[in-house]
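Engineer: Below: sequence and its predicted model.
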Amino acid sequence: MALISDGRFVEDPWRRLADEEALPKTGKVIVSLPRLQHALEVLAPESALGVIVPNTTEPSALIEALPRLQLISISFPAFSDGRGFSLARLLRRAGFKGELRASGRLVADQYSHAVGCGFDAIEIPDDLAERQDEEQWRAAFNAYAMSYQRGYAGRGSILEARRRAVRS
């Protein structure tokens, strides 16, 4: 899998564990949602813990774990299934400050929207990364400085800019 952050392909410091793998004592690990409660009980509070969830997950299923999680990866089964965007916004509204990652068959055209919804990174399969190289992702990331949607990634909203201009 290729990881894209700030329009660049980057190394992934996290390790995704299979459900049958033992939990390591150190390192950044991502577990499945069914395994999350066990990981919270077993791992030390300072452990770097992430979870991968389906895009159909209810935010309430993660609320209690949010303070312990450093990463939430939301699965996108297809580029045409946008439920993960809504889940990302709901998790940010619930106060999640860690890394939000979209994982699946997303395309570069969806990058700006993903950032606006609160995603920090996108993880795509290697075959898709070969067809849409880093240059395409960087261009998509830089395509819009602002949008109408209020985002979470530090980019301004067009509406907020207009309000500031009127007040000045």
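Structural biologist: Looks like it came in fine. Small disclaimer: the values here were computed from a predicted structure and weren't measured. Numbering: from 1, shown residues only.
Engineer: Contacts only, for the nearest residue to residue 126 once chain neighbours are set aside.
Structural biologist: In space, and not counting its chain neighbours, residue 126 is closest to residue 2: 6.0 Å by CB to CB, 6 or more residues apart in numbering. Quick note: C-beta positions are derived from backbone N, CA and C, even for glycine. Residues in contact with residue 2 (CB atoms under 8 Å, 6 or more residues apart in numbering) are 9, 123, 124, 125, 126, 128, 129.
Engineer: again with residue 140
Structural biologist: Residues near residue 140 by CB under 8 Å, 6+ apart: 7, 108, 109, 111, 112.
Engineer: lowest average confidence, helix or strand, in this structure?
Structural biologist: In the chain, no helix or strand scores lower on mean pLDDT, DSSP states H and E than helix 158-167, which sits at a mean of 74.
Engineer: CA-only coordinates of that helix in CSV, if you can.
Structural biologist: Provided in CSV are the C-alpha atoms of helix 158-167 (Å, rounded to 0.1, in the frame of the first residue of the first chain):
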residue,chain,number,x,y,z
ILE,A,158,-14.2,30.8,1.2
LEU,A,159,-17.2,31.9,3.3
GLU,A,160,-14.9,32.7,6.3
ALA,A,161,-12.6,34.8,4.0
ARG,A,162,-15.6,36.7,2.7
ARG,A,163,-16.8,37.4,6.3
ARG,A,164,-13.4,38.7,7.3
ALA,A,165,-13.3,40.9,4.2
VAL,A,166,-16.7,42.4,5.0
ARG,A,167,-15.7,43.2,8.6
